[in-house]
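Peer 1: sequence plus predicted model, see below.
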Amino acid sequence: MNRQSFLMLACVVLVVSGSGFFLRYWQSNQVMGSPGVILDEDSSMDKPPVRLPDWVLNYVGEDLEVSEVELEALPEDTTITRRRYKHPNGFFIDLTVVLMGLDRTSIHKPQFCLTGAGFHIEETTPTTIQMHQPVAQALPAMRLKTLRRFQGQEYSGLLYYWFVDDQHVTSSHSERMWLMVKDLFTKGRLQRWASISVSSIVIPGQEENAYRHMEAFIRAAAPVFQSTTALGSSGGDPSQSQ
């Protein structure tokens with residue numbers, strides 16, 4: 001082995017061993033941040049669920065069971081809270097909050113789950129929802145329209161999602177990752193992110209009306225369970241990246 005090859009090999013070994021050292025150091029010394037959602041500390045469960053409201057506007061909520069597939073796919077320290085809210089006219093909205101623990105692989109883009117469940121993503125639109133409580137603000141969200149055929153009938157799956165920790169609100173997965181890495185490197189602090197999704201299913205042609213009802217639902221529900229406001233976010237433009 002010549003001198004140049006030896007030096008290159010030595011550099012690779014140093015980089016790999018150094019990276020491993022720093023990763024072990026951060027894992028053993030990192031501090032967990034606080035969530036940006038309100039937990040039900042009175043719950044008897046080992047992992048307190050998010051305190052979702054019993055009703056929102058004219059919608060009555062009921063708990064939805066989390067599937068075994070979801071539980072097996074996510075780290076053990078992940079908390080999933082899900083409720084279905086039904087309107088007297090039959091329209092329903094599902095609200096799901098996935099809260100990470102120390103394992104940061106808990107949170108990902110909902111597109112992965114949707115495509116895995118057989119939904120074809122037709123549209124992905126960055127948007128903002130005008131909130132009135134606790135203060136006037138614009139909540140960044142990503143809006144998805146999907147299609148799926150079931151028993152010969154085509155359905156439109158509609159979804160809004162965003163991410164929140166105790167200091168930031170963003171609809172951008174890449175921005176969330178950057179914020180998490182920055183805090184971990186500069187402060188040794190692992191942000192505790194939650195992924196929030198609001199979804200429904202309608203017959204094609206009813207999408208715009210359903211979107212309006214879903215946004216009204218978000219305006220009323222989010223201030224009840226989410227402790228971080230959009231004004232506390234990093235200020236990233238939700239239209240830039242996903």
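Peer 2: Good, I have the coordinates.
Peer 1: what about the longest strand in the protein?
Peer 2: Using DSSP state E, we find that the single longest strand of the chain is strand 137-150.
Peer 1: in its sheet, what does the following helix or strand past that strand sit against?
Peer 2: Following strand 137-150 in sequence order, the next helix or strand is strand 153-164 (DSSP states H and E). Strand 153-164 sits in its sheet next to strand 137-150 (antiparallel), strand 169-170 (antiparallel), strand 194-202 (antiparallel), going by DSSP bridges.
Peer 1: buried residues, the longest one. List them.
Peer 2: The one in question is strand 137-150. 137, 139-146 (16 or more other Cβ atoms under 10 Å). For the C-beta atoms, the positions are set from N, CA and C on the backbone; glycine is no exception.
Peer 1: what do you get for stretch 94-111?
Peer 2: Quick answer for stretch 94-111 (16+ other Cβ under 10 Å): 95-101, 104, 106-107, 109-111.
Peer 1: what is the lowest-pLDDT residue among the residues you listed?
Peer 2: Taken together, the buried residues of stretch 94-111 show their lowest pLDDT at residue 104, with 71.
Peer 1: pretty sure it contacts residue 190?
Peer 2: Yes. Counting by Cβ atoms under 8 Å, residue 104 touches residue 190, with 6.8 Å between them.
Peer 1: quick one: the spatially most central residue of the chain from residue 106, how far?
Peer 2: Geometric centre of the chain, nearest residue: residue 195, 1.5 Å, by Cα atoms, centre = their mean. Separation of residue 195 from residue 106 (Cβ to Cβ, to the nearest Å) stands at 8 Å.
Peer 1: identify the contacts common to those two.
Peer 2: With contacts defined as Cβ atoms under 8 Å, 6 or more residues apart in numbering, the residues adjacent to both residue 195 and residue 106 are residue 98.
Peer 1: could you pull out the helices for this protein?
Peer 2: 3-29, 68-73, 110-116, 173-187, 207-225 (DSSP state H).
Peer 1: domains of the protein: list them as residue ranges, please.
Peer 2: 1-32, 34-232 (automatic domain parsing).
Peer 1: which stretch among these is buried most, on average?
Peer 2: With neighbours defined as mean count of other Cβ atoms under 10 Å, these peak in mean count at domain 34-232, which reaches a mean of 17.
Peer 1: picking up where we left off before, any chance of the buried residues of strand 137-150 in TSV, plus distance to residue 211 and pLDDT?
Peer 2: Output for the buried residues of strand 137-150, formatted as TSV (distance: Cβ to Cβ, whole Å; pLDDT from 0 to 100):
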residue	distance to residue 211	pLDDT
137	20	90
139	14	95
140	16	96
141	11	97
142	13	96
143	7	97
144	11	95
145	9	95
146	13	92
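Peer 1: and of these, the nearest to residue 229?
Peer 2: residue 137 (5.8 Å; Cβ to Cβ).
Peer 1: wait, doesn't that closest one sit right on residue 226?
Peer 2: No. Using Cβ under 8 Å, residue 137 is not in contact with residue 226, being 11.6 Å away.
Peer 1: what pLDDT is listed against residue 130?
Peer 2: 94.
Peer 1: please apply the same query to residue 89.
Peer 2: 96.
Peer 1: just residue 12 next, same as before
Peer 2: pLDDT, residue 12: 46.
Peer 1: how about residue 17?
Peer 2: So residue 17 comes in at 44 (pLDDT).
Peer 1: show me where pLDDT drops low in this protein?
Peer 2: For the chain, the stretches with pLDDT under 70 are 1-30, 44, 116, 231-242.
Peer 1: show me the contacts for residue 36.
Peer 2: 164-169, 192-194, 226-228.
Peer 1: with residue 76 instead?
Peer 2: With Cβ under 8 Å, 6+ apart, residue 76 has these contacts: 101, 103.
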